[in-house]
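# Show me how the following folds:
(chains A and B)
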2 protein chains.
Amino acid sequence: MAETRYDYVHEGAEIYRRSFATIRAEADLTGLPVDVARVAVRMIHSCGMVDLAGDLGYSSQVVAAARTALLAGAPILCDAHMVASGITRSRLPAGNDVVCTLSDPGVPELAARIGNTRSAAALDHWLPRLDGAVVAIGNAPTALFRLLELVADGAPRPAAVLGIPVGFIGAAESKEALAASGLEHLVVHGRRGGSAMAVAAVNAIASEEE
Amino acid sequence: MAETRYDYVHEGAEIYRRSFATIRAEADLTGLPVDVARVAVRMIHSCGMVDLAGDLGYSSQVVAAARTALLAGAPILCDAHMVASGITRSRLPAGNDVVCTLSDPGVPELAARIGNTRSAAALDHWLPRLDGAVVAIGNAPTALFRLLELVADGAPRPAAVLGIPVGFIGAAESKEALAASGLEHLVVHGRRGGSAMAVAAVNAIASEEE
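Have a look, this model is predicted:
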């Protein structure tokens, strides 16, 4: 009986319950629509920072629009493999396709031809499925900028854009551009963002289950 | 010529260069060993927060130990699929295996039998490869606690543990326990952490290339 044991909560559902209770106790969610607040709780859970709520930007119907699209079977288009990897398939309401085209054949050549990143070039492979899709960008500002350029130039419009790229060069600006675009959107303003937050947003919207 | 264009940096290498320059200008990296500072820069890049440097904890040889292990072909054992997904294979110096056992057959049953999460139970499937491995934990505090329990009970010792779970229940405590364990370790103290930071740490250690 020399086995070493630490004192911690072992049960997954209980960890979730206590985590979400802590977040709701500490985070200032006032002013957020109820459905956005629910998404915010899960995003905060993914990063450990309750002040994230203050940086959220959104259109009032974004959660409803994304949810409706998922229920109707819309694909989820992701800019990064980590985003696609993190989405919990069992939460998706219609066995929705989760798509990341970053490693598709031809993307490096296309990136060189258009003078942009591979993340941006990969969006051309979204076009056949972009109409009414749910877009989840958790990495590359260039992907978000290019999405806005394509849509402005007449590409099909996604149902909702969860635009949560991260970083120091272009991230904040790309999210401001999305917020001004007229698309249904959810963003984390500023430098913060990332694949885990984007995944959390998708997973929150995909299922009513906490 | 009605094409919409935003003003942003399109070239991946230039985005990296400017990002890392911004981080080195803004983050307080004084006091960090040079090799840890290099890892810190990439971790900050993954989350957009320069103050992350202040929460780093590490043993002085952790980067050297992890790097030596990778050069010798050690596997990278990950607690979450997102972590495994984000590691850039082309940066790995020896075609190292990237392993995530979370979805292995039998893990849910094992979790029920040992009364712990699936993330913790999945570690039993690491045991044949744990000796000298590089461990990257970017999600579950329960996985980190269980690793410490197994090692204290005589399991093989990994070469280094990048212990960066995130969240509100157990995350901070699990990282404190790792820092006190005597294992070579890198942690982000407190609630912050996550798969992107763990991936960034692995990618930084894997290659000298920025």
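# what secondary structure does residue A:136 sit in?
When classified by DSSP: H, G, I helix; E, B strand; the rest coil, residue A:136 comes out as strand.
# Which residues are in contact with it?
By CB atoms under 8 Å, 6 or more residues apart in numbering or on different chains, residue A:136 lies in contact with A:76-79, A:83, A:87, A:162, A:164, A:198-199, A:201-202. All C-beta atoms are positioned from the backbone trio N, CA, C, and that covers glycine.
# distance of it from residue B:56?
For residue A:136, the distance to residue B:56 (CB to CB, to the nearest Å) stands at 29 Å.
# so which helix or strand takes in residue A:14?
Assigned by DSSP states H and E, residue A:14 belongs to helix A:12-26.
# on contacts alone, who are the packing partners of that helix?
Applying 3 or more CB pairs under 8 Å, 6 or more residues apart in numbering or on different chains; DSSP states H and E, one finds that helix A:12-26 contacts helix A:34-47.
# buried sites along the helix it packs on?
Judged by neighbour count using 16 or more other CB atoms under 10 Å in any protein chain shown, the buried positions of helix A:34-47 are A:35-47.
# check contacts around the nearest residue to residue A:200 once chain neighbours are set aside.
Nearest non-adjacent residue to residue A:200, counting by CB to CB, 6 or more residues apart in numbering or on different chains: residue A:46, 3.8 Å away. Residue A:46 sits next to A:196-197, A:199-200, B:166, B:194 when contact means CB under 8 Å, 6+ apart.
# Can you tell me which of the buried residues of helix A:34-47 is closest to residue A:21?
In terms of CB to CB, no member of these lies closer to residue A:21 than residue A:41, at 9.9 Å.
# pretty sure the closest one contacts residue A:22?
No: with contacts counted by CB atoms under 8 Å, residue A:41 stays clear of residue A:22, the gap being 10.0 Å.
# In terms of pLDDT, where does the residue nearest to residue A:200 sit?
As predicted, residue A:46 sits at a pLDDT of 98.
# What ranges in chain A fall below the confidence cut-off?
Within chain A, the ranges that satisfy pLDDT under 70 run A:1-2.
# picking that back up, name the residues of the helix holding residue A:14 that come out as buried.
A:12, A:15, A:18-20, A:22-23.
# Contacts for that helix next, please.
A:9, A:41, A:44-45, A:50, A:210, B:117-118, B:142, B:167-170.
# roughly how far is it from the heart of the chain?
Chain-centre distance of helix A:12-26: 21 Å, with CA atoms, centre = their mean, to the nearest Å.
# same check, this time on stretch A:140-152
The answer for stretch A:140-152 is 15 Å, by CA atoms, centre = their mean.
# cool, and stretch A:60-72?
Computed by CA atoms, centre = their mean, the separation of stretch A:60-72 from the middle of its chain amounts to 13 Å.
# what do you get for stretch A:198-210?
Here stretch A:198-210 is found 9 Å from its chain centre; the criterion is CA atoms, centre = their mean.
# Other residues contacting it?
Taking CB under 8 Å, 6+ apart as the rule, stretch A:198-210 contacts A:16, A:20, A:38-39, A:41-43, A:45-46, A:63, A:66-67, A:70, A:76, A:78, A:82-83, A:86-88, A:91-93, A:96, A:134, A:136-138, A:162, A:164, A:186, B:82.
# For residue A:10, what is the enclosing helix or strand?
Residue A:10 belongs to no helix or strand, assigned by DSSP H and E.
# Let me know the secondary structure of the closest residue to it other than its chain neighbours.
With sequence-adjacent residues excluded and distances taken as CB to CB, 6+ apart, residue A:10 is closest to residue B:116, at 4.6 Å. Classification of residue B:116 using three-state DSSP returns coil.
# Residue B:110 versus residue B:116, what's the distance?
From residue B:116 to residue B:110 the distance is 9 Å (CB to CB).
# again, but for residue A:157
46 Å.
# do the same with residue A:209
Computed as CB to CB, the residue A:209 to residue B:110 distance reads 24 Å.
# same question, residue A:207
26 Å.
# With residue A:16 instead?
Distance, residue A:16 to residue B:110, using CB to CB: 20 Å.
# same deal with residue A:20?
Following CB to CB, the distance that separates residue A:20 from residue B:110 is 26 Å.
# ditto for residue A:74
Distance, residue A:74 to residue B:110, using CB to CB: 36 Å.
# now do residue A:204
According to CB to CB, residue A:204 and residue B:110 sit 29 Å apart.
# which residue ranges form the helices in chain A?
Under the criterion DSSP state H, chain A contains helices at A:12-26, A:34-47, A:62-71, A:81-86, A:107-114, A:118-121, A:141-152, A:171-179, A:195-206.
# Which strands or helices does the fourth one pack on?
For helix A:81-86, the packing partners by 3+ CB pairs under 8 Å, 6+ apart come out as strand A:98-100, helix A:195-206, helix B:81-86, helix B:195-206.
# Apply 10 Å and report the result again.
Judged by 3 or more CB pairs under 10 Å, 6 or more residues apart in numbering or on different chains; DSSP states H and E, the packing partners of helix A:81-86 are strand A:76-78, strand A:98-100, strand A:134-137, helix A:195-206, helix B:81-86, helix B:195-206.
# What is the neighbour count of residue A:72?
By other CB atoms under 10 Å in any protein chain shown, 12 other residues sit near residue A:72.
# you'd agree it is up against residue A:96?
Yes: between residue A:72 and residue A:96 there is a contact under CB atoms under 10 Å: 9.4 Å.
# my guess is residue A:183 meets residue A:62, correct?
Yes: contact criterion CB under 10 Å: residue A:183 and residue A:62 qualify, at 8.9 Å.
# returning to that earlier point: quick one: which of the helices and strands packed on helix A:81-86 is nearest residue B:29?
That would be helix B:195-206 among these, by CB to CB, at 13.2 Å.
# Please enumerate the shared neighbours of residue A:41 and residue A:22.
Common neighbours of residue A:41 and residue A:22, counting by CB atoms under 10 Å, 6 or more residues apart in numbering or on different chains, are residue A:50.
# Closest one of the buried residues of helix A:12-26 to residue A:153?
The closest of those, once distances to residue A:153 are taken by CB to CB, is residue A:23, at 40.0 Å.
# Give me the more crowded residue out of residue A:204 and residue B:110.
It is residue A:204, of residue A:204 and residue B:110, that has more neighbours when counted by other CB under 10 Å, with 26 against 18.
# Just confirm yes or no for stretch A:151-161 near chain B.
Yes: Stretch A:151-161 is in contact with chain B by CB under 10 Å from any CB of the partner chain, via A:151-154.
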